[in-house]
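> coords please:
(one chain, ligands or ions: 1)
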Amino acid sequence: MKDHPLHKDTVVIHEGYEDQEHYGSLAVPLYQTSTYSFENAAQGASRFSGNEEGYIYSRLGNPTVRVLEERIAAIEDGAAALAFGSGMAAVSAILTHVTKAGDHVLCSRGIYGCTFGLLKIMEDKYKITHDLIRMDNEEEIEKFIRPETVCIYLETPINPTMELVNLEAVVNVGKKHGLQVIVDNTFTSPYLQNPISAGADFVLHSATKYINGHGDVVGGLLVGKEKEEIARIRGTIQKDYGGIMSPFDAWLLIRGLKTLPIRMERHSNNAEKLIAFLKNEKHVEEIYYPFDKDNPQFDIAKRQMRAGGGLISFTVKGGMQAAQRFMDHLQLIKIAVSLGDAETLIQHPATMTHSGVPAEDRLEMGITDSLLRLSVGLEHPDDLIRDMKTAFMALD
Ligand SMILES: Cc1ncc(COP(=O)(O)O)c(C=O)c1O
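Coordinates of the predicted model:
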């Protein structure tokens, strides 16, 4: 199968599962087991000593989880991967792995709220400091590097303003100054953007979102460009902190991944249709979408993303009251946080996902009270447009 490189559309279906030892089961079998019996004492000893490969106990490895890990590593152009019980378990594992007490981390100026919370814990407990900065060009990033800086941690697009980080600039700075580059790639999915190919060291996902795609799993994935480095994390932080993924969740994610390419195409196409509608809607002020031709960062988007994805943010005229009134008049579109599901979801960052960010900082990041974030689902776009049209009428 590996005679020539496979397209990602094929990799999401086949990678990591070729053998026919499982009664020819076409679907990856679910190994819902916590432990594995050894043929004899000597085998148990040699598994533990590392002389013989094989499974020991499911916190250290599980065959169903391993298929998912191999698959995501291939999709993300990495060498190996680890599956975790949540996106935050993946974030905390990699940040713990690359830092020690007293270090400094450079972050994109917007990061997921709980990642920010984790950095606060790291600062309080271990004096690991961080700066949240714009990352438009190399000079801008270099200004903030200190002798104790060890890594650059970023999200692109940034939630919920959809501002992009210039991956090329970050990678150049990382290489020049020996800093590890870690990208939370949740928002684009591994189908639309592959930061390891662009030179990043690690990529992580809240698999809860596009990778699963069906809103029924919480999980995380971490991909590295070096096998040994991932093996080290498996044998230390993942083993001893223990935030592993369950075999059943891995099985569901393997199923979800098979349709990732067609889902991402549909999410992106639907988003473009909704943007065309929103542009002509009199109650809408601003629209934020990476592949919008009017987006000043459209060039960066085209360089690092294959399509725009399913997330759109926009502001409604009339402030918070109008934004909330609009949401309350939607019927098909559900008011919910999370993203990447088949259902279209809308949320109000100022009072929901970013309510914990001080108002001043929110405004500085462009998160106004009238901003709404839409996770465009897989429904027929005409039905979504009709739902929004009706809700906008409530603002007349
Ligand atoms: C960008 C991003 N990273 C990480 C996470 C954390 O993932 P999880 O909720 O799976 O722990 C989220 C969750 O919303 C997210 O949006």
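> What spatial separation is found between the nearest residue in space to Ile333 that is not next to it in sequence and Leu260?
Once flanking residues are discounted, Ile333 sits nearest to Thr344: 4.6 Å by CB to CB, 6 or more residues apart in numbering. (Each C-beta comes from the backbone N, C-alpha and C, glycine too.) According to CB to CB, to the nearest Å, Thr344 and Leu260 sit 18 Å apart.
> what's the answer for Gly319, then?
Per CB to CB, Gly319 is found 37 Å from Leu260.
> Could you tell me how far the residue nearest to Ile333 is located from the ligand?
17 Å (CB to the nearest ligand atom, to the nearest Å).
> What about that residue, how many residues nearby?
Burial of Thr344 is recorded as 25 neighbouring residues (other CB atoms under 10 Å).
> likewise the one 5 residues further on?
Other residues near Pro349 come to 24 when the count uses other CB under 10 Å.
> Return the residues in contact with it.
Applying CB atoms under 8 Å, 6 or more residues apart in numbering to Pro349 gives the contacts Asn159, Pro160, Ser313, Arg362, Ile367, Leu371, Leu372, Arg373.
> mind listing the strands for the stretch 101-250 of the chain?
Taking DSSP state E, counting those that start in this stretch to define them, one finds strands in the stretch 101-250 of the chain at 104-108, 129-133, 149-155, 180-184, 202-206, 220-224.
> now the strand or helix carrying Phe48: mean pLDDT?
Using DSSP states H and E, Phe48 maps to helix 41-49. On average, the pLDDT along helix 41-49 is 97.
> ok, now stretch 347-359?
92.
> and it, anywhere near the ligand?
No: against the ligand, stretch 347-359 shows no contacts by CB under 6 Å from any ligand atom, the least distance being 7.7 Å.
> Start and end of that stretch, how far apart?
17 Å (CA to CA, to the nearest Å).
> What residues does the stretch 151-300 of the chain have near the ligand?
Counting by CB under 6 Å from any ligand atom, the stretch 151-300 of the chain sits next to the ligand at Glu155, Asn159, Asp184, Thr186, Phe187, Ser206, Thr208, Val218, Gly220.
> please redo it, this time with the cut-off set to 8 Å
155, 159, 184, 186-187, 204-209, 218-220 (CB under 8 Å from any ligand atom).
> Using a markdown table, please lay out these together with distance to Leu330.
Shown next, in a markdown table, are those (distance: CB to CB, whole Å):
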| residue | distance to Leu330 |
| --- | --- |
| Glu155 | 27 |
| Asn159 | 21 |
| Asp184 | 28 |
| Thr186 | 24 |
| Phe187 | 22 |
| Leu204 | 32 |
| His205 | 28 |
| Ser206 | 24 |
| Ala207 | 27 |
| Thr208 | 23 |
| Lys209 | 21 |
| Val218 | 25 |
| Gly219 | 28 |
| Gly220 | 30 |
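> out of those, which one sits closest to Ala301?
Nearest to Ala301 among those, counting by CB to CB, is Phe187 at 12.1 Å.
> show me what contacts the closest one?
Glu155, Thr156, Pro157, Asn159, Lys209, Gly309, Leu311, Leu339.
> Check the last one and give its pLDDT.
At Leu339, the predicted lDDT confidence score is 97.
> cool, the third one as well?
Reported pLDDT at Pro157 in the predicted model: 97.
> How many residues are close by it?
Counted with other CB under 10 Å, Pro157 comes out at 26.
> Next up, the contacts around it.
Counting by CB under 8 Å, 6+ apart, Pro157 touches Glu163, Leu164, Phe187, Thr188, Pro290, Gly309, Leu311.
> again, but for the fifth one
Contacts of Lys209 were listed using CB under 8 Å, 6+ apart, and they are Gly87, Thr186, Phe187, Ser189, Ser338, Leu339, Gly340, Asp341.
> out of those residues, which is most surrounded?
Top of the contacts of Lys209 by neighbour count (other CB under 10 Å): Gly340, with 30 neighbours.
> Taking the stretch 101-250 of the chain, what residue is nearest to the ligand?
Residue nearest to the ligand within the stretch 101-250 of the chain: Ser206 (3.0 Å; CB to the nearest ligand atom).
> State the distance from that residue to Ala276.
29 Å.
> How about residues contacting the lowest-mean-pLDDT helix or strand in the chain?
One helix or strand of the chain scores below all others by mean pLDDT, DSSP states H and E: helix 359-364, with a mean of 88. Residues from elsewhere that reach helix 359-364 (CB under 8 Å, 6+ apart): Pro349, Ala350, His354, Thr368.
> Looking at Gly319 and Leu260, which is more packed in?
Between Gly319 and Leu260, counted using other CB under 10 Å, the more crowded position is Leu260 (23 against 13).
> Quick check: His22 is in a helix.
No: using DSSP: H, G, I helix; E, B strand; the rest coil, the assignment for His22 is coil, not a helix.
> Skipping its backbone neighbours, what lies nearest it in space?
Pro29 (4.9 Å).
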